[in-house]
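Engineer: Can you look at this prediction? I've put the sequence above it.
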Amino acid sequence: MKQSSELNTMLRQIDHKGYPAYKQLKGAYQFLGYVLSIDHVQGDPFAAPSKVSVHVSGKQAGFPENLYRHPCQKTALEDALLREMGRQLRGVSFQAKGSGKSGLMSVSMPGQEVLARSGCQLDGATGNIILRMEIGFPANGRSINARELEKILFDFLPKCVSKSLYYRAYEAARLQKVAELAEDQQAIRQQLKEKKLVAFVANGAILPRESGVSARPMKDAVAFQSPSTMEVEMQLPNHGVMRGMGIPQGITLIVGGGYHGKSTLLKALELGIYNHIAGDGREYVITDDTAMKLRAEDGRSVKNVDISMFINNLPNGKDTVKFCTEDASGSTSQAANVIEAMEAGSSAFLIDEDTSATNFMIRDELMQRVVHRDVEPITPYIERVRELYESYGISTVLVAGSSGSYFHKADHILQMNRYVPTDITDFAKEEAKAFPVLEETSSEMKPSFQRVFSQNRKLAGSDRIKMKTLGMDGISIDRETIDLRYLEQLCDSEQLSMLAQLVKYAELRVLDGKKNLMQVVDVLMEQMEKDGFAAIVGKNQVTSGLAMPRRQEIFACLNRYRKL
């Protein structure tokens with residue numbers, strides 16, 4: 001390892017030379033209190049910024065072990081350090097001048113959710129910290145401006161590091177609250193299972209968001225208050241007793257007029273699979289972390305999925321036990337999404353009537369009389385919803401605004417009125433007696449989950465695979481786009497970047513034509529649990545810009561990859 005003084009000397013030697021001379025700087029340098037590693041140097045000032053990492057030993061960082069004792073606390077502390085580093089960098093980014101991206105200094109920018117990210121990693125055994133970031137190495141035109149980079153590396157960066165990666169830079173109470181919140185959130189997750197709940201929404205939670213393009217809480221929003229009949233108590237190790245609405249396992253219907261908060265509640269439940277930062281308003285909205293939001297997805301690719309539980313006897317004689325299509329309809333795509341979510345191990349489905357295929361969800365009495373079920377290949381979800389719970393232990397939370405047919409099926413019915421929930425189960429059940437129960441003749445069916453995917457022969461054995469993240473829309477692998485727009489529980493583009501890495505790894509090292517999809521994902525999860533990001537991208541190849549997706553989204557991504 002070289003000393004920082006050697007880096008300074010090298011900078012002065014390459015000043016005003018052609019931009020490629022910056023590549024001489026690659027390596028690790030000992031600074032006061034940390035090691036600076038220049039991992040990758042950009043090709044020119046207009047290219048993607050250079051990759052840099054800061055390494056601080058646990059002894060120097062000094063964070064008490066009680067702040068990261070549990071995995072949830074470790075992730076929360078990493079998130080807090082990354083956010084603080086981001087705040088510090090915003091004050092100095094582009095203060096060094098030059099062409100193109102010269103002077104850029106950035107780290108990952110987390111949203112309201114707390115995710116495990118490659119941008120900041122803390123070793124739970126040693127307390128060592130690695131913070132990964134990007135820096136635009138300065139240039140005038142395409143000539144090196146070493147004096148500006150010297151400002152960045154010897155002035156701006158050390159100050160930012162000192163204010164964000166050492167325990168002494170923080171008020172102790174601030175980080176203690178971060179650890180306590182994470183511990184309380186984990187305690188709620190554990191009690192969901194014990195109390196047989198799908199989700200918990202704390203009294204006082206703020207569910208509406210600032211706007212359609214902002215995830216921050218709405219000012220002066222109506223605070224959530226549980227109906228008394230659904231109120232439960234959570235015993236938290238730090239907060240103490242917390243009251244709120246518990247959504248029991250089973251079938252729960254959310255109804256109400258337009259703009260009264262039905263979808264707002266469902267959206268909060270969708271993202272309750274993640275912990276949220278303090279002040280978000282939804283930090284105590286906790287959902288079963290296997291819950292899957294399901295919807296229709298016209299045009300998606302479906303490969304060998306057994307949708308016979310919902311669709312049979314197609315007029316063209318197409319096999320629905322090993323159903324394949326490159327252009328699924330609304331109903332077949334939603335049927336496939338249900339089966340794939342079962343395969344991924346989800347124990348709760350979240351569904352909004354507005355984004356569902358109507359003919360998949362319900363067939364009313366008049367339609368059944370006019371179009372007899374003998375000529376209708378679709379067994380609607382309403383006829384399977386009870387079976388899904390009683391035979392497979394899969395609960396359903398459904399937002400319905402127009403069809404009352406599910407009143408007969410629901411165990412609990414919530415009405416949202418001006419963002420205030422009311423338990424109307426008894427009233428709705430009484431009213432439903434005046435309406436006929438739809439005829440049901442469907443028999444119990446068990447879908448098969450033995451699909452086997454093989455390697456893409458074109459890519460097998462080659463690490464030179466071009467990958468690109470398309471924002472939140474999808475990923476591109478060797479020009480093949482995997483459309484992920486409708487996986488609504490993905491909350492950060494860095495999760496999509498990691499999904500691209502996982503698909504590449506699976507294709508090159510796991511898919512063998514023998515393992516079924518569950519076994520493939522099991523291998524990926526085991527590798528990540530053992531060695532984190534490094535297990536997938538390589539020990540010395542981890543950069544900033546990756547965040548962990550769930551098992552469910554890994555399944556969904558592989559299912560949408562047309563080349564497999």
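Structural biologist: The structure has been received and is ready for your questions. Numbers count the residues shown, from 1 in each chain.
Engineer: What is the end-to-end distance of stretch 419-432?
Structural biologist: One end of stretch 419-432 sits 24 Å from the other (Cα to Cα, to the nearest Å).
Engineer: and the gap between residue 349 and residue 190?
Structural biologist: Distance check for residue 349 against residue 190: by Cβ to Cβ, to the nearest Å, it reads 22 Å. For every residue, glycine as well, the C-beta is placed using N, CA and C.
Engineer: And those two? Which one has more around it.
Structural biologist: Per other Cβ atoms under 10 Å, whichever of residue 349 and residue 190 has more neighbours is residue 349, with 24 against 11.
Engineer: what about the more buried one, which SS state?
Structural biologist: Following DSSP: H, G, I helix; E, B strand; the rest coil, residue 349 is assigned to strand.
Engineer: Isn't it up against residue 393?
Structural biologist: No: using Cβ atoms under 8 Å, residue 349 is not in contact with residue 393, being 11.6 Å away.
Engineer: Show me where the stretch 351-500 of the chain has its strands.
Structural biologist: 395-399, 412-417, 420-423, 467-469, 474-477, 480-483 (DSSP state E, counting those that start in this stretch).
Engineer: Repeat that for the stretch 101-250 of the chain.
Structural biologist: 105-106, 113-114, 120-122, 129-135, 139-140, 143-144, 197-202, 209-211, 214-217, 231-236, 240-248.
Engineer: closest one to residue 340 among those?
Structural biologist: Of all the strands of the stretch 101-250 of the chain, strand 197-202 sits nearest to residue 340, with 19.7 Å by Cβ to Cβ.
Engineer: List the neighbouring strands of that closest one plus their orientation.
Structural biologist: Counting by DSSP bridges, the strands paired with strand 197-202 are strand 240-248 (antiparallel), strand 285-287 (antiparallel).
Engineer: pLDDT averaged over the shortest one - what is it?
Structural biologist: Just to be clear, that refers to strand 285-287. Across strand 285-287, the average pLDDT comes to 98.
Engineer: Contacts made by the next helix or strand after that strand with the rest, please.
Structural biologist: Proceeding N to C from strand 285-287, the next assigned helix or strand is strand 292-294, under DSSP states H and E. The contact list for strand 292-294 (Cβ atoms under 8 Å, 6 or more residues apart in numbering) reads 270, 334, 337-338, 341, 344, 346, 348-352, 356, 488-489, 552.
Engineer: Could you tell me which of those belong to helices?
Structural biologist: Those of the contacts of strand 292-294 mapping onto helices are 270, 334, 337, 338, 341, 552, per DSSP state H.
Engineer: Export the residues you listed to a markdown table and append columns for pLDDT.
Structural biologist: Output for the ones in helices among the contacts of strand 292-294, formatted as a markdown table (pLDDT from 0 to 100):
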| residue | pLDDT |
| --- | --- |
| 270 | 98 |
| 334 | 98 |
| 337 | 98 |
| 338 | 98 |
| 341 | 98 |
| 552 | 98 |
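Engineer: Point out where the chain drops to low pLDDT.
Structural biologist: Low-confidence segments of the chain (pLDDT under 70): 364-375, 438-443, 455-463.
Engineer: Scan it for its longest helix.
Structural biologist: Assignment by DSSP H gives helix 172-194 as the longest helix of the chain.
Engineer: outside of it, which residues touch it?
Structural biologist: Residues outside helix 172-194 that contact it (Cβ under 8 Å, 6+ apart) are 63, 66-68, 70, 72-73, 75-77, 80, 114, 167, 197-200, 234-239, 242, 275, 278, 283-284, 286, 288-289.
Engineer: switch the cut-off to 6 Å
Structural biologist: Contacting residues not belonging to helix 172-194 are listed as 67, 72-73, 76, 80, 200, 234, 236-239, 275, 278, 286, 288 [Cβ atoms under 6 Å, 6 or more residues apart in numbering].
Engineer: count of residues packed around residue 534?
Structural biologist: Around residue 534 there are 16 residues (other Cβ under 10 Å).
Engineer: Mind telling me what element it is part of?
Structural biologist: Element membership for residue 534, per DSSP H and E: helix 533-537.
Engineer: can you give me the offset of that helix from its chain's centre?
Structural biologist: Its chain's C-alpha centre and that of helix 533-537 lie 18 Å apart, by Cα atoms, centre = their mean, to the nearest Å.
Engineer: who touches it?
Structural biologist: Applying Cβ under 6 Å, 6+ apart, the contact partners of helix 533-537 are 118, 501, 502, 505, 527, 528, 542, 546.
Engineer: Contact partners for the last one?
Structural biologist: This means residue 546. Contacts for residue 546 were tallied using Cβ under 6 Å, 6+ apart; they are 118, 494, 497, 498, 533.
Engineer: can you rerun that using 8 Å?
Structural biologist: Counting by Cβ under 8 Å, 6+ apart, residue 546 has contacts 117, 118, 119, 494, 497, 498, 501, 533, 537.
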